[in-house]
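Enquirer: 3D, please:
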Amino acid sequence: MKNDREAKKQKFTQPKKSKAGLYSLVGIVAVVVMISSYFLLSNSKPNTALADTGQKVNYSSNAKLEQTIVPSKVENGKEVVTTLGTVKEKQFIKTEYKANGKVVPLTAFIQPNGKVMVAVSYCEPCKGDSFHISGNQIICDTCGTTWDLQTLKGTSGGCQDYPPQALTYSVNGDNLEIPQAALDTWAPRV
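Expert: Now for the predicted structure:
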């Protein structure tokens, strides 16, 4: 009985072990994980040229390749911009996303390295929505601004800072698809 009394006495007279150190350690680890995740995800550029035709393209500097207009459709919350087969055949297409009260002009083309670029077909400052390819350049039909076809870096003209805006897309079978929500929220940069 005396031992029980001593055990109870020690229970109340001994200082309680603090769990603050454990909580601090868990908190520090959580903060480090969140910061690391942020930097890893923010430094990874979304892959906007997923589809690869497997062949490099040499656009003749004398040729003027116009956009071929093709229909698009919305299926299962995704805009089917076009098919990979159509882009391979036509090389440079134009279509429109029309849904939920929004109209967004879209284009897809094969870059010189053989990858397919899907972008908004819009030069925001001059409001041009059609382009052509000549040599290794994509050119706005409205203002004549030119961009490098591979990098979309401006090379001449007044709208160089606003090339067709590359979009992240996925390949589903032969379809090139963009989430409908991304197009519903798209807005011009200027």
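Enquirer: most centrally placed residue in this protein?
Expert: Thr168 (3.2 Å; Cα atoms, centre = their mean).
Enquirer: hang on, isn't it packed against Leu176?
Expert: No: using Cβ atoms under 8 Å, Thr168 is not in contact with Leu176; the gap is 11.1 Å. C-beta here means a position set from N, CA and C on the backbone, and glycine is covered the same way.
Enquirer: Show me the helices in this structure, by range?
Expert: 2-13, 20-43, 84-90, 180-184 (DSSP state H).
Enquirer: how many other residues sit next to the residue lying closest to Asp174 once chain neighbours are set aside?
Expert: Once flanking residues are discounted, Asp174 sits nearest to Thr83: 4.4 Å by Cβ to Cβ, 6 or more residues apart in numbering. Counted by other Cβ atoms under 10 Å, the residues lying close to Thr83 total 17.
Enquirer: who's in contact with Thr83?
Expert: The contact partners of Thr83, taken as Cβ atoms under 8 Å, 6 or more residues apart in numbering, are 174-176.
Enquirer: Nearest to Lys78 among these?
Expert: The closest of the contacts of Thr83 to Lys78 turns out to be Asn175 (Cβ to Cβ; 8.2 Å).
Enquirer: And the nearest residue to that closest one once chain neighbours are set aside, how far from Asn172?
Expert: Leaving aside its chain neighbours, Asn175 sits nearest to Val80 (4.8 Å; criterion: Cβ to Cβ, 6+ apart). Distance, Val80 to Asn172, by Cβ to Cβ, to the nearest Å: 8 Å.
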